[in-house]
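>>> Build the 3D model from these lines:
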Amino acid sequence: MTRWAAFAGFTLVVLALLLLLARASQSVVTSTGTAAYVTREESRWLNRLPDGAGHLDIEDAPAPTRKTPAESTLTPGPELSTAALLANVAVSHGLFALLLLAGIWLTDVPAAALGITEAAISTGGLGVAVGVALGVAISFVNTLAAGLAETFGADPSEELRELLAPETLAGWVGLLVVVLPLIAGFEELLFRGALVGAFAVGFGVSPWLLAVVSSVAFAAGHGAQGGLGVVVTGLLGFVLATAFILTNSLLVVVIAHYVVNAVEFVVIEGLGWEPF
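Prediction:
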């Protein structure tokens, strides 16, 4: 017999830990991102220097960004390398996933409540195909919007995405094969499988109401992307929750989530695509 109250407790503890970690990570990401941004701007300016004769007016150089003593005291935060940031994400999401899976097992939550059934859309090629199609459709809109936002200097994911984008082939393999699958698998299991599917089955709550609540929580966990990024992430979460409710397939939303993240990294950071 499923112990729904205990399962809810496990789920909410994992969610709280995730939100606390996300909150604590914001200062580190902001500190690292500021330093990286200054370096990129200086590098871009230096790349404009001609190889031969001629010069650029020093007034064209980007002004260095400095913090006041008060700001430095209030927001200390170490500058982390891309590898360290990726490792942090992989380890934290992996541990949270194990904790949530342990809760699911100990409380005997049925797989069907999490969107894992014998239907082809849940376990077979159909689910993969639908997930890829949904992910590509979201990615198309998301990438165009990111490109348009970047032209106005308002891309909500730019800073975080650039921090996590690897500079080596091994780094890209780690990102695409390990980190992004972990992120997609854990976050969909938590925000869609548990908070929407299992809570709807176990407590008789409307899945659409849970979709709204889970999307707000999903957005709150992405505070490092800034205010606009939180709104965009919340909308993405609701789209994924809608897909989960309509298909009752965890596989579909995991694949879609992975495709969205992978396309954004590969197209914008890897290929440097700037549509506008």
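
>>> mind showing which ranges of this structure have poor pLDDT?
Applying pLDDT under 70 to the chain flags residues 25-80, 146-160, 223-227, 273-276.

>>> For Thr242, pull up the helix or strand it's in.
When elements are assigned from DSSP states H and E, Thr242 belongs to helix 226-247.

>>> how far does that helix sit from the chain's center?
11 Å (C-alpha atoms, centre = their mean, to the nearest Å).

>>> How about stretch 201-210?
25 Å.

>>> just checking, what packs against the helix holding Thr242?
helix 125-151, helix 207-220, helix 250-263 (3 or more C-beta pairs under 8 Å, 6 or more residues apart in numbering; DSSP states H and E). Using the backbone N, CA and C atoms, a C-beta is placed for each residue, glycine as well.

>>> Surely Tyr258 is in contact with Leu182?
No: Tyr258 is beyond contact range of Leu182, at 9.8 Å (criterion: C-beta atoms under 8 Å).

>>> hang on, the earlier thing: mean neighbour count, the helices and strands packed on helix 226-247: which tops it?
Stretch with highest mean neighbour count among these: helix 250-263 (a mean of 24; mean count of other C-beta atoms under 10 Å).

>>> How about residues contacting that helix?
With C-beta atoms under 8 Å, 6 or more residues apart in numbering as the test, helix 250-263 has contacts from 114-116, 121-123, 127-128, 130-132, 134-136, 138-139, 142-143, 176, 180-181, 183-185, 187-189, 192-193, 197, 236, 240-241, 243-244, 247.

>>> cutoff 7 Å now
Outside helix 250-263, the residues that touch it by C-beta atoms under 7 Å, 6 or more residues apart in numbering are 114-116, 121-123, 127-128, 130-132, 134-136, 138-139, 142-143, 176, 180-181, 183-185, 187-189, 192-193, 240, 243-244.

>>> Ok, stretch 106-123 next?
1-3, 6-7, 10, 126-127, 130, 193-194, 197-198, 201-202, 244, 247-252.

>>> Now a ChimeraX select for only the buried ones of these.
The ChimeraX selection below is limited to those of the contacts of stretch 106-123 classed as buried (16 or more other C-beta atoms under 10 Å):
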select :7,10,126,127,130,193,194,197,198,201,202,244,247,248,249,250,251,252
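
>>> Look at Leu195 and say how many residues are nearby.
24 (other C-beta atoms under 10 Å).

>>> and what of Ile268?
If you count neighbours by other C-beta under 10 Å, Ile268 ends up with 23.

>>> from here on, count from 40
With the count now opening at 40, the last piece we talked about shows up as Ile307.

>>> Which of the three states applies to it?
At Ile307, secondary structure determined by DSSP: H, G, I helix; E, B strand; the rest coil is helix.

>>> What distance do you get for it to Thr281?
25 Å (C-beta to C-beta, to the nearest Å).

>>> same deal with Trp43?
24 Å.

>>> now Gly133
28 Å.

>>> Likewise for Gly232?
14 Å.

>>> and what of Ser161?
17 Å.

>>> Give me the more crowded residue out of those two.
Neighbour comparison, Ser161 and Thr281: the larger count goes to Ser161, with 20 against 17 (by other C-beta under 10 Å).

>>> nearest spatial neighbour of the more buried one, skipping sequence neighbours?
Nearest non-adjacent residue to Ser161, counting by C-beta to C-beta, 6 or more residues apart in numbering: Ser288, 4.4 Å away.
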